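S.K.: Here you go, sequence then predicted model.
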Amino acid sequence: MDTPAAASAPTDHRLLRWLKKEALPLLVMLGLLAAARDTLANHYQVPSGSMQHTLMPGDRVVVDMRAYGVRLPFTSVELLHTGQPQRGDVAVFDSPQDGTRLIKRIAAVGGDRVELHDGHLSINGHPLAQAGVGEIEDFGQHLAQLDLGQGGGPDITGLTVPAGQVLMLGDHRGNSADGRFFGLVQASALYGKASHVYYRRGEGLTWQAL
């Protein structure tokens, strides 16, 4: 009669063979997926209304991790420079104040002179909102529909953004804890560029460019 130890030996061998055949490739695949998510594309769920009307609480957005540079997976080491942050981009980054991951609009880049009064932004002496359309700012490649329902929040006067830094603002100017509170952000620290909304509460799956 086989002993319990002898009976378990074939089972152990089968488990070991399965681990070698199936588990290792599965782990490699998961590792590659994680690396791709960290360096190529990711997603982000909007936690608050600070970017209304562009983004609503609960929106899920696609984040292009290659927009500003390809990094070594799981590090901040840049392998390939692929682009510069542009005014009007919606970007994901970690707050320099407490490390919380945020999503805001790049309002100004290095060298820009910034004025912000009553929620209305001027860059290098040029107001971004057209006369009579005060809640839409034209960044060139992007239009930002502002929410000024709670006012414009703190003003900015006479700020020149240093090279290599960016000013991040929310579109809901009166309800956004943004660069007016935590300061400027290093351009190299931007996590990625939000490109599309792919899910919105009440609407389900969608595909809206930002």
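M.R.: Here it is on my side, so go on.

S.K.: which residues of the chain score low on pLDDT?
M.R.: In the predicted model of the chain, residues 1-12, 15, 18-41, 70-80, 82, 131-132 satisfy pLDDT under 70.

S.K.: Tell me who's in contact with the spatially most central residue of the chain.
M.R.: Nearest to the mean C-alpha position of the chain, by C-alpha atoms, centre = their mean, lies residue 92 at 1.9 Å. Neighbouring residues of residue 92 by C-beta atoms under 8 Å, 6 or more residues apart in numbering: 44, 63, 101, 102, 103, 190, 191, 192, 193, 194. In this view, the C-beta of every residue, glycine as well, is placed from N, C-alpha and C.

S.K.: tell me which of the residues you listed is nearest to residue 85?
M.R.: Closest approach between the contacts of residue 92 and residue 85, by C-beta to C-beta: residue 190, at 5.9 Å.

S.K.: Near the closest one, how many other residues are there?
M.R.: 20 (other C-beta atoms under 10 Å).

S.K.: before we move on, back to that, what's the PyMOL line that selects buried ones from the contacts of residue 92?
M.R.: Buried members of those, defined by 16 or more other C-beta atoms under 10 Å, are picked up in PyMOL with:
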select buried, resi 44+63+102+103+190+191+192+193+194
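
S.K.: and the residue nearest to the centre of the chain, that's in a strand?
M.R.: Yes. Counting by DSSP: H, G, I helix; E, B strand; the rest coil, one finds residue 92 located in a strand.

S.K.: That one pairs with what?
M.R.: residue 103, residue 192 (DSSP bridges).

S.K.: which SS class is residue 17?
M.R.: Residue 17 ends up helix, using three-state DSSP.

S.K.: ok, now how distant is the residue nearest to the centre of the chain from residue 67?
M.R.: Relative to residue 67, residue 92 is positioned 10 Å away (C-beta to C-beta, to the nearest Å).

S.K.: just residue 134 next, same as before
M.R.: In terms of C-beta to C-beta, residue 134 sits 30 Å off from residue 67.

S.K.: Those two - which one has more neighbours?
M.R.: residue 67 (20 against 14).

S.K.: Spit out the contact partners of the nearest residue to that one once chain neighbours are set aside.
M.R.: With C-beta to C-beta, 6 or more residues apart in numbering as the criterion, residue 67 has its nearest non-adjacent residue at 3.6 Å, and that residue is residue 193. Neighbouring residues of residue 193 by C-beta under 8 Å, 6+ apart: 63, 64, 67, 68, 85, 89, 90, 91, 92.

S.K.: partners of residue 62 in the sheet?
M.R.: Beta-bridge pairing for residue 62 (DSSP bridges): residue 43, residue 196.

S.K.: what about it, neighbour count?
M.R.: For residue 62, the count of nearby residues is 19 (other C-beta under 10 Å).

S.K.: I'd guessed it sits against residue 195; true?
M.R.: Yes. With contact defined as C-beta atoms under 8 Å, residue 62 reaches residue 195; the gap is 5.2 Å.
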